[in-house]
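Visitor: next come a sequence and a model predicted from it.
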Amino acid sequence: MAKKMTLISAEELQNAYVDYVLTHGTKPKSVYVFAKANNLTEEEFYNYFASFEGIEQSIWTDLCQKALTGVESQEVWSQYSSREKALAFFYAFIELLKSKRSFVLYSLKHSGMMIGTPSAITGVKNIVEAFAAGIINQGIESGELANRRFFTSKYKDALWIQFGFILNFWAKDNSVGFDKTDEAIERGINVTFDLFEKSALDSLFDYGKFMMNNGGMKQNMKF
């Protein structure tokens, strides 16, 4: 009888877990059962993860970080506008999800809800919001985006909502090559950034503030 190969890395544990849940349609009954099936002790399992939920979260965060690292390493990245960076990241992340679609669908279906966010992607939320905050600050500094009192801090929340919408759209997308998801990304990100950019109302507000600061509203204008 061939001796089982001992798992020695977090990635191998992730792969073994994915194989188990997709084969059985459910999580292992216990860490002991899972570890024994993979020629591990419980102690060896806990050297990498504290729970099965921890494995799922790590798979999601690894995918998200891999997508982000990939786009940020592109030579043209520094030349991208905030809008273009958001589009590039969303496209890259969805492209990576294709390789693990069966697991992603399983995870979303079985993950408990935590204030509207599936627990499996709580780590992803932290990464996406940090990324969003960075590109939003870039956009404000460059003048690409409007700096609105009370609202600017909510921009990253809007991008997280878009992330959730696109993820759910992709999960239900039956189009060939998930072409409809690509269209949803383009439309969703563009609409969101259209709202972030300066509008006629912003210009009117800035003009009114200028007039107030310079006494223009107090002067009687004669023609």
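Guide: Right, received. Where do you want to start? Numbers count the residues shown, from 1 in each chain.
Visitor: from here on, just use CA atoms for contacts and neighbour counts.
Guide: Will do.
Visitor: pLDDT score for the residue sitting nearest the centre point of the chain?
Guide: Among the residues of the chain, Val128 comes closest to the average C-alpha position under CA atoms, centre = their mean, at 4.2 Å. Val128 is assigned a pLDDT of 96 by the prediction.
Visitor: equivalent analysis for Asn39, please.
Guide: 89.
Visitor: checking it next. Helix, strand or coil?
Guide: Secondary structure, DSSP: H, G, I helix; E, B strand; the rest coil: Asn39 is coil.
Visitor: distance check, it against Thr152.
Guide: Look at Asn39 and Thr152: by CA to CA, to the nearest Å, they are 52 Å apart.
Visitor: hmm, back to that, need the contact list for the residue nearest to the residue nearest to the centre of the chain when sequence neighbours are not counted.
Guide: Take Val128 and drop its neighbours on the chain: the residue closest to it by CA to CA, 6 or more residues apart in numbering is Trp160, 6.8 Å away. By CA atoms under 8 Å, 6 or more residues apart in numbering, the contact set of Trp160 is Lys125, Val128, Glu129.
Visitor: report the contact partners of the first one.
Guide: Lys125 makes contacts with Trp160, as judged by CA under 8 Å, 6+ apart.
Visitor: wait, a helix at it?
Guide: Yes. Applying three-state DSSP, one finds Lys125 inside a helix.
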